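Novice: Predicted coordinates and the sequence they were generated for:
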Amino acid sequence: MTDDAPSPPAAMGDPLIPDSSTDHPRYDEVVEAIRSVYDPEIPVNIFDLGLIYSIRIDGENAVDVDMTLTAPGCPVAGEMPGWVADAVEPLPGIKQVDVRLVWEPPWDMSRLSDEARLELGFM
């Protein structure tokens, strides 16, 4: 899990970039844990906001998450990665969680899931 190359942007309404471990048996439960984390300024979880760019889970159940923020000056920039780690680490069998804050590609509203669009009144 050392690939630091930026991945291409997600398709509209698809919050994840392609290198995620979507076929890993623990993936859905990790996503649900991440969905418990909310941006304090927007009433939508950070997964559906499209702030989670990648979730990689290895064979030892170590989890690497690449995430961004809606804006670089976000007042909780230093805290939100910890919130994600705190949500995922308690899952049974998870060995470690590393959350990396990335700025490329920049977040924009095209990353919102359909659920987030509906919640925010964009649909």
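Specialist: Received, thanks. Numbering: from 1, shown residues only.

Novice: if I look at the residue nearest the centre of the chain, how far off is W103?
Specialist: Closest to where the C-alpha atoms of the chain average out (CA atoms, centre = their mean) is I52, at 1.9 Å. Distance, I52 to W103, by CB to CB, to the nearest Å: 14 Å. The C-beta positions use only the backbone N, C-alpha and C, and glycine is treated the same way.

Novice: Kindly report the same for S54.
Specialist: According to CB to CB, S54 and W103 sit 14 Å apart.

Novice: can you list the weak-confidence ranges in this protein?
Specialist: 1-18 (pLDDT under 70).

Novice: show me where this structure has helices.
Specialist: Using DSSP state H, the helices of the chain run over residues 27-34, 80-88, 114-119.

Novice: If we ignore the residues flanking it in sequence, what's nearest I34?
Specialist: Nearest non-adjacent residue to I34, counting by CB to CB, 6 or more residues apart in numbering: F47, 4.9 Å away.

Novice: who's in contact with the one you found?
Specialist: Residues near F47 by CB atoms under 8 Å, 6 or more residues apart in numbering: 15, 31, 34-35, 37, 113.

Novice: do V76 as well
Specialist: 39-40.

Novice: can we see that at 7 Å?
Specialist: P40 (CB atoms under 7 Å, 6 or more residues apart in numbering).

Novice: now it: how far from W83?
Specialist: Distance from V76 to W83, by CB to CB: 8 Å.

Novice: from what I can see L112 touches G50, true?
Specialist: Yes - in terms of CB atoms under 7 Å, L112 counts as a neighbour of G50; the distance is 5.5 Å.

Novice: With neighbour numbers in mind, choose between S54 and W103.
Specialist: Neighbours were counted for S54 and for W103 using other CB atoms under 10 Å; S54 has more, 21 against 10.

Novice: That one contacts D66, doesn't it?
Specialist: Yes - counting by CB under 7 Å, D66 is a contact partner of S54 at 4.1 Å.
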